[in-house]
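In: Okay, sequence plus prediction incoming.
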Amino acid sequence: MMMKRLIAVLLVWAQVALPGVGWAANCGGATVCVCGDTVTSSYVLPADLSCTNAGASLIAGATGITVDLGGYTLSGDGVNTTYGVTDTAFDSVIVTNGFTDGYTLANVNFSNLHLHNRAIDITCNTGVECIRALLQDDFTVDGIIGDVTSYVLNADSNDLAQVITVGDITVIGGGGVYGAVLIKDYGTVNIDGDINIAGINAGTPGLEVFDANTSKPGVPALSITVTGDASSGDLLVLDDNDGALLTWDAVTVVNGGGSDGIYLNSNTFAAGSEINGIVSMANTAHGLNVSGGSNLSINNPVLGYNALSGAQISNTTMTIGNAMVEQNANDGVSLLGTSVLTIHHSNIKTSGGQDGIPTDEGDGLTGHQTSICYSSYNTINRNDNTALAFVDDSKIYSYNDTLGDNGLTGGPRGGVFLRDTADLVLSNDLVDGSLPYNIFISAGFTGTYTLDKNLYAPSAASFATTDGGTTIQADLAEWRTATSQDAQSMEADPLLDNTGLPAANSPAINAGAIIAGIHDQATPATDIAGTQVLTIPDIGAYEYPGGLYFSSASADGGNGTRALPYNAWTDYPWTGYNLRAEAEIYLQGAMIGTLDLSGLTDTGAKTVKGWPGKSGSVNGFVGGVNDVLDLSSRPPANVFTSPF
């Protein structure tokens, strides 16, 4: 009888597993799961579950199930339990809605080649890795919060036919060898949520996307924010993503303690790839470091207060537009190797930290080795040393840039510096207030330079030197005689207002040249402020807004503004791209001769009007098919509003 009772007790005990240890069994649905069980049907955890068993707390055991943690905590002992929930054999498994901590490998683990698995709304409070996804296809993570010792997301597919979609991820703490969030070897990477990385382990990156083939991360709502500290590594890394179509918006990286804010290495992106809205500031190396690759446009970046350069571009072909590059300790933008950079509509200023130390640093835009730079409609101002510095066999093509107040804090060069065999083309540029020289040609220089249609502001500095300071040209006339350059350039006060815009009587207005590839395109060029260039370009980065004005009653010498109108039709060349569609021509008084617009290349509509509040007449008019002569309905005087 005693033996029968003992057997009965053992049978009952065997059915009530100790919660921390578990007896491997199938569970799910209405069957309560305990530690070590295999979940064979969808299951909602009814309470916290704390496990000490070896292996996983819960094992996915069927396709299409959901393991819902019910808002509770699934935890391991930090010694024996390797995984919170693991799936090594089934597709379409979802782990969601709860908290995990204390696992020695990963809190949630998906491995082997499976489809459509999901990790949604999981918070990992402790553990080594939060979400591990190895060899997963069509894998999704969203709503992940992690404070772990290694990866918050370790997604490594090793199969470029696979797809991963990444939604919201918040990193409170973590960081493996390749970062707090690693996305590696996926064919398509869709980042369509917000990634916020606030705590990074020493020496590790924040977010790294590595070896993706056809990556297309991002939608307009995307936000990636990575904040480092004194020990962090590169905050955002894109590495070897050949063929990737990259479309990212709103990327912020701040305070990279150990290296660069953003590091892009060997990415030959697909045509049309772009990153919009970068903010990379206060990093201990470069704000942006691009090494190798091509086909990337970076728009609207803010690169400031970095310990080295705002941007360093090495062996890369790319475009930067509408940038603010400010107060970086070395240079604003530095080109190395075989780089080809197009930079436009950007502000580059106060490079060198305004420390007044005359070193080889503090250049706004600088080129080395065989790099090539195409620069247009930029302001490059108040840099410690030089606005444009190009050495070795590099090349700079600068059009409609404003180079202002460079070298004022003690730098030895000023506006433009050339050395070795570098080449320079400078046209439509405004050089204002540079010290000690507008142009500094180093001794032994054997490169080439072509300059014309520029405007140089008189200053206390010497105009130029052609041999490193031994021979000095005191003014434009002496420079022109010594070099045969700047034949149509001017030395005069540019008459700018306090925002850099030319006043109505500025000599910069309508004084530039039509630059092929900029001013002869189907869509009119715009200045740095977005004003369309509808007439002959002004000199400098800002275009004086408004139409062309003609008055038979005014004195000679006008520039076509209302304050200084032209006096005769022949004062303006009516050929080529000198007037664009939507331009307006105003006149007052009896203009002599025929106004002939037939020689213009742009056949879009131009309108000839009476000067607001004035009367006028023309002897003859020859227009294109879309041009309009409308003197009968001239606007009243109050239509014209000065932009200043």
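Out: Good, I have the coordinates.
In: Tell me where the model's unsure across the stretch 101-250 of the chain.
Out: Within the stretch 101-250 of the chain, the stretches with pLDDT under 70 are 160, 212-222, 230.
In: where do the strands sit along it?
Out: 106-110, 114-115, 118-124, 129-134, 136-137, 139-147, 153-166, 169-173, 181-191, 194-197, 207-210, 223-227, 236-239, 247-254 (DSSP state E, counting those that start in this stretch).
In: For F440, find the nearest of those.
Out: strand 247-254 (35.2 Å; Cβ to Cβ). The way it works is simple: take the backbone N, C-alpha and C, and place the C-beta from them, glycine included.
In: now the closest one: how far from the chain's centre is it?
Out: Mean-position distance between strand 247-254 and its chain equals 8 Å (Cα atoms, centre = their mean, to the nearest Å).
In: Does the nearest residue to L631 once chain neighbours are set aside have any beta-bridge partners, and if so which?
Out: Excluding the flanking residues, the one nearest L631 by Cβ to Cβ, 6 or more residues apart in numbering is G610, at 5.0 Å. According to DSSP bridges, the partner residues bridging G610 are L587.
In: any idea how far G610 lies from I585?
Out: Separation of G610 from I585 (Cβ to Cβ, to the nearest Å): 10 Å.
In: do the same with Y544
Out: In terms of Cβ to Cβ, Y544 sits 15 Å off from I585.
In: re earlier: of G610 and I585, who's got more company?
Out: I585 (23 against 18; other Cβ atoms under 10 Å).
In: and whichever helix or strand that one is part of, which residues are buried?
Out: Using DSSP states H and E, I585 sits within strand 584-596. Buried residues in strand 584-596, counted by 16 or more other Cβ atoms under 10 Å: 584-589, 591, 595.
In: Enumerate every residue touching the spatially closest residue to Y43 that is not a sequence neighbour.
Out: Nearest residue to Y43, sequence neighbours excluded (Cβ to Cβ, 6+ apart): G28, at 4.1 Å. Counting by Cβ atoms under 8 Å, 6 or more residues apart in numbering, G28 touches 39-43, 61-62, 65.
In: Would you confirm that T40 contacts I65?
Out: Yes. Counting by Cβ atoms under 8 Å, I65 is a contact partner of T40 at 7.3 Å.
In: Show the contacting residues for the residue nearest to L631.
Out: By Cβ under 8 Å, 6+ apart, G610 lies in contact with 586-588, 616, 631, 634.
In: any idea which of those residues is the one closest to N112?
Out: Y586 (74.7 Å).
In: can you pull the buried residues of the longest strand seen in the chain?
Out: If you go by DSSP state E, the chain has its longest strand at strand 262-281. For strand 262-281, a neighbour-count test (16+ other Cβ under 10 Å) marks 262-270, 273-281 as buried.
In: Repeat that for stretch 456-465.
Out: 456-457, 459, 461-465.
In: again with stretch 323-339
Out: Of the residues in stretch 323-339, those buried (16+ other Cβ under 10 Å) are 323, 325-336, 339.
In: swap in stretch 95-114?
Out: For stretch 95-114, by 16+ other Cβ under 10 Å, it's 95-103, 105-111, 114.
In: to the chain's geometric centre, what's the distance from it?
Out: In terms of Cα atoms, centre = their mean, the centre of stretch 95-114 is set 35 Å apart from its chain centre.
In: for stretch 422-440, same thing?
Out: Counting by Cα atoms, centre = their mean, stretch 422-440 comes out at 27 Å from the chain centroid.
In: what residues are up against the residue lying closest to N306 once chain neighbours are set aside?
Out: Distance criterion Cβ to Cβ, 6+ apart; nearest residue to N306, sequence neighbours excluded, is G287 at 4.3 Å. G287 makes contacts with 260-262, 280-281, 301, 303-304, 306, 309-311, 325, 328, as judged by Cβ under 8 Å, 6+ apart.
In: Using neighbour counts, pick out the buried residues of stretch 58-70.
Out: Residues of stretch 58-70 classed as buried by neighbour count (16+ other Cβ under 10 Å): 58-62, 65-70.
In: still on that earlier bit, compare the strands of the stretch 101-250 of the chain and give me the one nearest R382.
Out: Comparing those under Cβ to Cβ, the one sitting nearest is strand 247-254, at 23.6 Å.
In: Is A482 located within a helix, as I assumed?
Out: Yes. Assessed with DSSP: H, G, I helix; E, B strand; the rest coil, A482 lies in a helix.
In: State the pLDDT value of it.
Out: Listed pLDDT for A482 reads 96.
In: Touching, it and Q473? I think so.
Out: Yes. Counting by Cβ under 8 Å, Q473 is a contact partner of A482 at 5.5 Å.
In: So between those two, which is more surrounded?
Out: The neighbour comparison of A482 against Q473 (other Cβ under 10 Å) goes to Q473, with 21 against 17.
In: Give me the below-cutoff pLDDT ranges for this protein.
Out: 1-23, 160, 212-222, 230, 256-258, 353-360, 410-411, 460, 556, 632-644.
In: can you list the domain ranges for it.
Out: Using automatic domain parsing, the domain parsing of the chain gives 309-544, 548-639.
In: Let me have those in TSV, adding distance to T149 as columns.
Out: Listed next are those as TSV, based on distance: least, Cβ to Cβ, whole Å:
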stretch	distance to T149
domain 309-544	32
domain 548-639	61
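In: most tightly surrounded among those?
Out: domain 309-544 (a mean of 21; mean count of other Cβ atoms under 10 Å).
In: show me where the stretch 501-644 of the chain has strands.
Out: Taking DSSP E, counting those that start in this stretch, the strands of the stretch 501-644 of the chain run over residues 548-551, 584-596, 607-610, 616-622, 628-630.
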